[in-house]
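**Student:** Pasting the sequence and the predicted model now:
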Amino acid sequence: MRILLTNDDGIHAPGLSVLEDIARELSDDIWIVAPELEQSGQSRSITLTEPVRNRPVRDRVWAVAGTPSDCVLLAMQNLMDDPPDLVLSGVNRGQNIAEDTSFSGTVAAAMFGMQLGVPSIALSQAMGFRERGMVPWETARAWGAKTLMPIIEQGWPDDLVINVNFPDREPEDVSGIEYTRQGFRDETIIHTDQREDLRGNEYFWIGYKGKLSQPDEGTDLRAIYEGRVSVTPLHVDLTHDAFLQKMRDTWP
């Protein structure tokens with residue numbers, strides 16, 4: 001099985017090394033094409049207004065001056081001699097659950113792999129639930145392959161991607177794997193922090209508030225809060241089918 005690895009945290013991100021360790025438990029045919037610099041929050045953006053450059057890092061490894069989606073596109077159309085059988089994106093530094101999935105570059109890379117006809121999985125390591133700045137990479141490393149193997153063996157429809165999140169727990173404290181649906185927080189946790197530089201000009205940092213919501217059972221949020229690995233099938237189709245049917249039935 002040929003596996004393409006990518007991410008949105010960049011070619012030097014520790015999560016990419018963790019992902020390579022996971023992938024090598026599944027195959028020895030590994031290719032890596034990742035952004036030169038961090039591309040978090042880029043969602044499904046592709047570079048259309050400037051050239052996209054790449055550089056070889058080592059055998060079967062490239063850094064790309066572009067977005068996660070650029071990386072997947074260049075890998076499949078230009079850098080790999082044959083297409084992959086599987087795309088793995090991550091392991092992201094921080095969870096990609098609930099509304100986060102819509103602007104996640106990690107999830108977007110998996111979406112682009114799916115769009116190009118390759119089964120794709122996004123992986124993220126939750127952080128910030130215990131100690132600020134600490135990322136329990138060993139949890140993703142320990143639980144990665146055993147989470148992916150049953151999914152890969154069973155397969156999934158070609159119009160969706162699998163979104164895997166590992167909880168902010170030590171490996172031995174993870175309480176299992178749960179197949180979940182995407183949750184929604186009861187309030188937004190994205191906020192702006194207004195500051196002033198040394199010349200008196202204002203600027204802003206955009207980031208997350210560390211506030212927990214009250215998620216429903218069976219959601220990715222609940223699983224991560226309670227220390228389980230969350231596995232969620234996602235698809236690109238954003239159509240609200242129930243309301244679409246109401247529009248067709250009742251609107252002129």
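**Tutor:** All right, it came through fine.

**Student:** Could you point out the longest helix of the protein?
**Tutor:** helix 137-154 (DSSP state H).

**Student:** what helices or strands is the next helix or strand along the chain from that helix leaning on?
**Tutor:** Tracing the chain past helix 137-154, the next element assigned as helix or strand by DSSP states H and E is strand 160-166. Under the contact criterion of 3 or more Cβ pairs under 8 Å, 6 or more residues apart in numbering; DSSP states H and E, strand 160-166 touches helix 105-115, strand 120-125, helix 137-154, helix 220-225, strand 229-235. Glycine gets a C-beta too; all of them are placed from N, C-alpha and C.

**Student:** send the alpha carbons of the first one over as CSV?
**Tutor:** The reference is to helix 105-115. The C-alpha trace of helix 105-115 is given here as CSV (Å, rounded to 0.1, in the frame of the first residue of the first chain):
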residue,chain,number,x,y,z
GLY,A,105,-6.1,22.7,6.6
THR,A,106,-5.6,19.2,7.9
VAL,A,107,-9.1,18.1,7.1
ALA,A,108,-8.9,20.1,3.8
ALA,A,109,-5.9,18.1,2.6
ALA,A,110,-7.8,14.9,3.2
MET,A,111,-10.8,16.4,1.4
PHE,A,112,-8.6,17.1,-1.6
GLY,A,113,-7.3,13.6,-1.6
MET,A,114,-10.8,12.3,-1.7
GLN,A,115,-11.7,14.7,-4.5
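
**Student:** doesn't residue 110 make contact with residue 101?
**Tutor:** No - the criterion here is Cβ atoms under 8 Å, and residue 101 misses it with residue 110 at 10.0 Å.

**Student:** Between the two, tell me which one has more neighbours.
**Tutor:** residue 110 (31 against 23; other Cβ atoms under 10 Å).

**Student:** got a list of what the more buried one touches?
**Tutor:** The contact partners of residue 110, taken as Cβ atoms under 8 Å, 6 or more residues apart in numbering, are 87, 89, 120-122, 161-163.

**Student:** same thing with residue 233?
**Tutor:** Residue 233 touches 156, 160-163, counting by Cβ under 8 Å, 6+ apart.

**Student:** In contact with the residue nearest the centre of the chain, which residues?
**Tutor:** By Cα atoms, centre = their mean, the mean C-alpha position of the chain lies nearest to residue 106, the distance being 3.0 Å. Contacts for residue 106 (Cβ under 8 Å, 6+ apart) come out as 7-8, 68, 89-90, 92, 96, 122-124.

**Student:** Now do it against residue 167, distance only.
**Tutor:** Distance of residue 106 to residue 167, computed by Cβ to Cβ, to the nearest Å: 17 Å.

**Student:** Surely residue 10 and residue 39 touch.
**Tutor:** Yes - between residue 10 and residue 39 there is a contact at 7.1 Å, judged by Cβ under 8 Å.

**Student:** More neighbours: the two, which one.
**Tutor:** Applying other Cβ under 10 Å to residue 10 and residue 39 shows that residue 39 carries more neighbours, namely 25 against 17.
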